[in-house]
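Colleague: Test case, fold it:
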Amino acid sequence: HKLHVNNNDPYIEEYRKFQRETSNELYKKVTDFIKQQNPDLIIYNYNDVGTSWIASESGASMRPGVDNIYHATINVKRTLGTYKDKSPVNLIMGFQAIGYRNIMSSPNLLRNWWLEDMLHGAPIGFVVVGTLVHYEDRLFIPIVNELFRFHKDHEKLFTNVQAVNNVAVVAGTGSEFQGLIKLLSEEHIMYDIVEAKYLGTEVTPRKLEDYDVVIIGNVTNLEARLVTLLDTYVQKGGKLLVTGATSTSDDSGNSVIQLNSLGVEPEFEVFPESQATYLKVSDSDKKAFGEKDFDSFTLMMMNSRFLKCNLRKGASGYFRLLPTNMYGPAEKTYYTDEEITNYPGAVSYDYGKGKTVFIPWMLGSEYDKKGNYAHRAVFLGSLKSLLQVEENIVTDASPLVEMTHLSNLNGAFEWIGMINHSGFLGTSVREPVSIHNTSIRFKPLKPVRELRLLRSGMTLKFKQDDGWVECLVPEIGDFEMLLCLYK
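Modeller: A predicted model of the protein is given here:
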């Protein structure tokens, strides 16, 4: 083909792929040469080619809006869930912005990102411009000293550990991905993040079949290998929760749904994002998704691009599309039954030994924008009621507490981390409010001899029955770490 000059070229994706592959080959040649000179050198960069440590950054900026609470979590989980032989180094960028490098960001914001690095089992790193001795804004420095000390005192507990999670999220971009992470974190559902291109390969620390469910949010372009891999995973007993326009673009750019396991025909129509668009909730929908969470509403907002799909034989559809209707003047704000379509807002399908739930609109993006309770109910009903995904941690912890669960690869211990995000107040990040009397019930990998709280220094009483351990955490300040020692 001729040299591609703009993004409208029909072969532009092919050219971009050529650029990436060529760049990676050249970089790998350089890093291989360096390693030949000294095999003990650690190569550290912002890509995964020829490196041992993969760099990323969590830092504020001068852009308006709220900083991402889970920024560091996403950065470290993306590496930890994808590579078995690489370590994340997510740098906490202390300064406010590139244009304001002489002052610090909010110490509470920086602390929370730091804790996300640490309690997901990643190394910790802190960046300032110049030296700490001469830095004029020093409000965060005492916290830096304290957290470095905690990490040093408990260094063995952060070494040779791996997450104990039964949910895999395929790494995505944008608001759909952010919203799904927000939902999982608020509901204390333990998850890994895995880059799509490495699913089912020898690169990842865990096999695909190790996960009870795989969540894919609006990953439109799935290569043929991944489509086959995911369909086979479901056929053998796995579960998928898929949202948006996932798998609607193939390697040739055709717009059809490629995953056979989703319970819909390949062809679809697009209903564009429009105001006054809803999904109608029936009594049978409530029964399928959990009547408790759906008790108080029969209509939910749907301000998203929507795929109008036709069901395959044996698939079940829920939440019928109510397209844009009158919303003004006030006396004409109503709809009729005739306006409700048969296009489903969720589809469940038994495929082989496994099962899928397909939500053909941007559920994660909707939750990221507005945090609507109805969207949360759809997400939880999909996982817990339709897919029957079992929780490995059951807790009454506040949604403001982010939880982590890691175990030692040599079987010596496991621990549960708790990060208190209660200080987030819009664009302000204030001191967290202590959270009291949090009940935690979990299934340890081995029988437990002792439970310790490392932040407060307490030894906890606990109940152990039928493979489950139950305890009460008296207080979570800025964070807590529950260490489980085995018999």
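Colleague: number of nearby residues for the residue nearest to Tyr135 when sequence neighbours are not counted?
Modeller: Spatially, and ignoring its direct neighbours in sequence, Tyr135 is nearest to Val128 (5.7 Å; CB to CB, 6 or more residues apart in numbering). The C-beta positions use only the backbone N, C-alpha and C, and glycine is treated the same way. Using other CB atoms under 10 Å, Val128 is surrounded by 19 other residues.
Colleague: Now do the same contact list for Val128.
Modeller: Contact analysis of Val128 by CB atoms under 8 Å, 6 or more residues apart in numbering lists 94-95, 104, 135.
Colleague: which of the residues you listed sit farthest apart?
Modeller: Greatest spacing in those, by CB to CB: Phe95 and Tyr135 (9.3 Å).
Colleague: who has more neighbours, the two?
Modeller: Phe95 (21 against 17).
Colleague: residues in contact with Leu91?
Modeller: Counting by CB under 8 Å, 6+ apart, Leu91 touches 55-59, 125-127.
Colleague: Would you format these as CSV with distance to Ile216 and neighbour count included?
Modeller: Formatted as CSV, the contacts of Leu91 follow (distance: CB to CB, whole Å; neighbours: other CB atoms under 10 Å):
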residue, distance to Ile216, neighbour count
Ala55, 26, 16
Ser56, 22, 18
Glu57, 26, 16
Ser58, 25, 26
Gly59, 29, 20
Gly125, 31, 16
Phe126, 34, 17
Val127, 33, 13
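Colleague: between Phe95 and Tyr135, what contacts are shared?
Modeller: In contact with both Phe95 and Tyr135: 102, 128, using CB under 8 Å, 6+ apart.
Colleague: Work out for me the element the closest residue to Leu183 other than its chain neighbours sits within.
Modeller: Leaving aside its sequence neighbours, Leu183 sits nearest to Phe379 (CB to CB, 6+ apart; 5.0 Å). Phe379 is part of helix 373-380, with elements assigned from DSSP states H and E.
Colleague: could the contacts of Leu91 be laid out in a markdown table, adding secondary structure?
Modeller: Shown next, in a markdown table, are those (DSSP: H, G, I helix; E, B strand; the rest coil):
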| residue | secondary structure |
| --- | --- |
| Ala55 | strand |
| Ser56 | strand |
| Glu57 | strand |
| Ser58 | strand |
| Gly59 | coil |
| Gly125 | strand |
| Phe126 | strand |
| Val127 | strand |
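Colleague: Let me know the closest of the residues you listed to Ile43.
Modeller: Nearest member of these to Ile43, counting by CB to CB, is Ala55, at 10.7 Å.
Colleague: Distance check, that closest one against Glu195.
Modeller: Note on Ala55: its distance to Glu195, by CB to CB, to the nearest Å, is 16 Å.
Colleague: got it, and Ser428?
Modeller: 34 Å.
Colleague: circling back to that earlier point, please report how far the residue nearest to Tyr135 lies from Val89.
Modeller: Distance of Val128 to Val89, computed by CB to CB: 16 Å.
Colleague: for the stretch 151-300 of the chain, what spans make up the strands?
Modeller: 161-163, 167-170, 191-194, 213-217, 239-243, 264-271, 278-280, 299-301 (DSSP state E, counting those that start in this stretch).
Colleague: Then the stretch 351-487 of the chain?
Modeller: Under DSSP E, counting those that start in this stretch, the stretch 351-487 of the chain gives strands at 354-359, 393-395, 401-408, 413-420, 424-425, 428-429, 435-442, 448-453, 458-460, 462-465, 468-476, 479-486.
Colleague: what pairs with the second one, and is each one parallel or antiparallel?
Modeller: This means strand 393-395. When pairing is defined by DSSP bridges, strand 393-395 lines up against strand 435-442 (antiparallel).
Colleague: show me what contacts the residue nearest to Pro107 when sequence neighbours are not counted?
Modeller: Among residues not flanking Pro107 along the chain, Phe140 sits closest, at 4.0 Å (CB to CB, 6+ apart). Residues counted as contacts of Phe140 (CB under 8 Å, 6+ apart) are 94, 104-105, 107, 110-111.
Colleague: ranking the residues you listed by neighbours, who comes first?
Modeller: Going by other CB under 10 Å, Leu110 tops the contacts of Phe140 with 26 neighbours.
Colleague: Distance-wise, check it relative to Leu147.
Modeller: 10 Å.
Colleague: likewise Ala171?
Modeller: On the measure of CB to CB, Ala171 and Leu147 end up 27 Å apart.
Colleague: same thing with Asn303?
Modeller: 40 Å.
Colleague: quick one: Thr51 and Leu41 touch, right?
Modeller: No - in this structure Thr51 lies outside contact range of Leu41 using CB atoms under 8 Å: 11.0 Å.
Colleague: Compare neighbour counts for those two and give me the winner.
Modeller: Thr51 (20 against 11).
Colleague: what kind of secondary structure is the more buried one in?
Modeller: Applying three-state DSSP: Thr51 is coil.
Colleague: Now do the contacts for it.
Modeller: Contacts for Thr51 (CB under 8 Å, 6+ apart) come out as 31, 43-45, 86.
Colleague: what's the spacing between the residue positioned nearest the centre of the chain and Val167?
Modeller: With distances taken as CA atoms, centre = their mean, Ile181 lies nearest the centre of the chain, 3.4 Å away. Ile181 sits 11 Å away from Val167, taking CB to CB as the criterion.
Colleague: what's stretch 310-319 in contact with?
Modeller: Contacts of stretch 310-319 (CB under 8 Å, 6+ apart): 263-265, 267-268, 279-282, 284-285, 288-289, 300, 342, 344-350, 378.
Colleague: Just the buried ones among those, please.
Modeller: 263-264, 268, 279-281, 285, 288-289, 300, 344-349, 378 (16 or more other CB atoms under 10 Å).
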